[in-house]
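Q: how would this look folded up:
(one chain, ligands or ions: 2)
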Amino acid sequence: MKIEKEKIQQHNQFFLKEHKNRFEFIAAGINNVLVILQHLKDFQVAIPSWALGTGGTRFARFPGGGEPRNLEEKIEDIGLLNALNTSSGAISLHIPWDIPSNASHIQKLAAENGLKFDAMNSNTFQDQPDQKLSYKFGSMQHVDKAVRKQAIDHNIEVIKYGMELGSSSLTVWLSDGSSFPGQLNFRKAFQNTLESLQEVYAALPADWKMFVEYKAYEPNFYSMTVGDWGQSLLYTNKLGDKAYTLVDLGHHLPNANIEQIVALLLMEKKLGGFHFNDSKYGDDDLTVGSIRPYQLFLIFNELIEGMDARNMHHANDLAWMIDASHNIKDPLEDLLQSVEAIMIAYAQALIVDRKKLSEAQNNNDVVTAQEILQHAFRTDVRAIIAEARLQKGGAISPLIVYRNEKVREHLLKERGSKTIATGL
Ligand code: PSV
Ligand code: MN
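A: Ligands and ions are numbered 1, 2, ... in the order given. The predicted structure follows:
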């Protein structure tokens, strides 16, 4: 389904006066609003191809219906989101969940929907029906060389799919680890994993990046072979300049200071990508900004500080993606909310008075430092984000258009109520 431009314009016309009043009010209090608008217009968050269906837990799954039945329909769904919010102009594929069997056709469809191909994701955490050897005891860490080779070959195949589509990065997330003490020799597991990653790294095209994603626990519950940012950094440092650490917000132990992790990885030129989600307890995969919006803002504050210190391009130099699960909400509505939360945190971080913050830090003025950060965080930037969308032809309020146009009802009619999208 596509939303016609006229529908979005009609909606914008209806809300225009109210929006302009709100925008002018907030813009009057901000110095460099034009620069901020440009940053917001440039910023794009990739949507993973596996996030368009209903997620579930190991207890149950409650599908809402109208889920995309194939990659083409997934691209259409993301195109629809992007038409509304103008900030979701990229798709990230997981292989083998979404194999682009006809690359030129998929590429054409993506371009028609205004989408680029973000990082490719490999999967050595599940056994596929036609697979020879099992990943039950790990993939790249496995004691059996043949299993390691199978995992390496799979990753190289994923790179090939990506090259056909015009992607330029590979994200490797390994579920490797152990569930019981004594199960694994940590040193050998690390060494095997490093050697396997080195083989994949050697197959990367010159202009590609490799992201090594870490996770503290799950599916293994005693040790993970890429368990935290320190381990990921060990691998990426040993691999070389094209290897970077990827931070997924849900992959830390409770209360980890993610903003500090981000600052130091950026300083080391080793932060490559980001998976957004939110959580209360662990890897809960909830809507971005739904539980800890202040933490998200503090992370963006460090991201901007660190990227600006290195003259990095906010939109292009890191890979931004949502990695959440939609258990009880309409996945498309949930994604619209997540993108909005990301844009809010980004805009708030953009309006931090960095000069004054730096002065306060140098003077050990803790109170002023807090005031500066919280002033930005408490500023209602929603009208600035809506203005950026409006200037790009998007909707002032994407969710209202989505509901008014009865998108889910249309998708249900078109695809049926029993469809199940590939993914977790
Ligand atoms: C693992 O929990 C993860 O965050 C990785 O990025 C996977 O690719 C994705 O989730 C699978 O849903
Ligand atoms: Mn992730």
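
Q: only C-alpha atoms from now on, for both contacts and neighbour counts.
A: Noted.

Q: so how far is His11 from Ala189?
A: To His11, Ala189 is 56 Å away according to Cα to Cα, to the nearest Å.

Q: host element of Lys108?
A: If you go by DSSP states H and E, Lys108 is part of helix 103-112.

Q: state the mean pLDDT of that helix.
A: What helix 103-112 shows for mean pLDDT is 98.

Q: then stretch 26-37?
A: Along stretch 26-37, the predicted confidence averages to a pLDDT of 96.

Q: okay, it in CSV with CA atoms only?
A: Coordinates of the C-alpha atoms in stretch 26-37 are reproduced here as CSV (Å, rounded to 0.1, in the frame of the first residue of the first chain):
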residue,chain,number,x,y,z
ILE,A,26,10.2,27.3,19.8
ALA,A,27,12.4,28.5,17.0
ALA,A,28,12.5,32.0,18.6
GLY,A,29,14.4,30.6,21.6
ILE,A,30,17.0,28.6,19.5
ASN,A,31,20.1,30.2,18.0
ASN,A,32,20.9,28.1,15.0
VAL,A,33,17.5,26.6,14.1
LEU,A,34,18.3,26.4,10.3
VAL,A,35,21.4,24.3,11.0
ILE,A,36,19.3,22.1,13.3
LEU,A,37,16.6,21.7,10.7
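
Q: where's that stretch relative to the chain centroid, distance-wise?
A: 27 Å (Cα atoms, centre = their mean, to the nearest Å).

Q: also stretch 261-272?
A: With Cα atoms, centre = their mean as the basis, the distance from the averaged C-alpha position of stretch 261-272 to the chain average is 17 Å.

Q: sorry, back to before: whichever helix or strand comes after the helix holding Lys108 pairs with which strands?
A: Reading on from helix 103-112 to the C-terminus, the next helix or strand found by DSSP H and E is strand 116-117. Strand 116-117 has the following strand partners under DSSP bridges: strand 90-92 (parallel).

Q: mind checking how far the partner strand is from the chain centre?
A: The gap between the average C-alpha position of strand 90-92 and the chain average comes to 9 Å, counting by Cα atoms, centre = their mean.

Q: OK, contacts around Asn70?
A: With Cα atoms under 8 Å, 6 or more residues apart in numbering as the criterion, the residues that contact Asn70 are Asp98, Ala421, Thr422.

Q: circling back to that earlier point, specify which residue of Ala189 and His11 has the higher count of neighbours.
A: For the pair Ala189 and His11, the greater number of neighbours falls to Ala189 (20 against 17), based on other Cα atoms under 10 Å.

Q: and the pLDDT at the more buried one?
A: If you check Ala189, the pLDDT there is 98.
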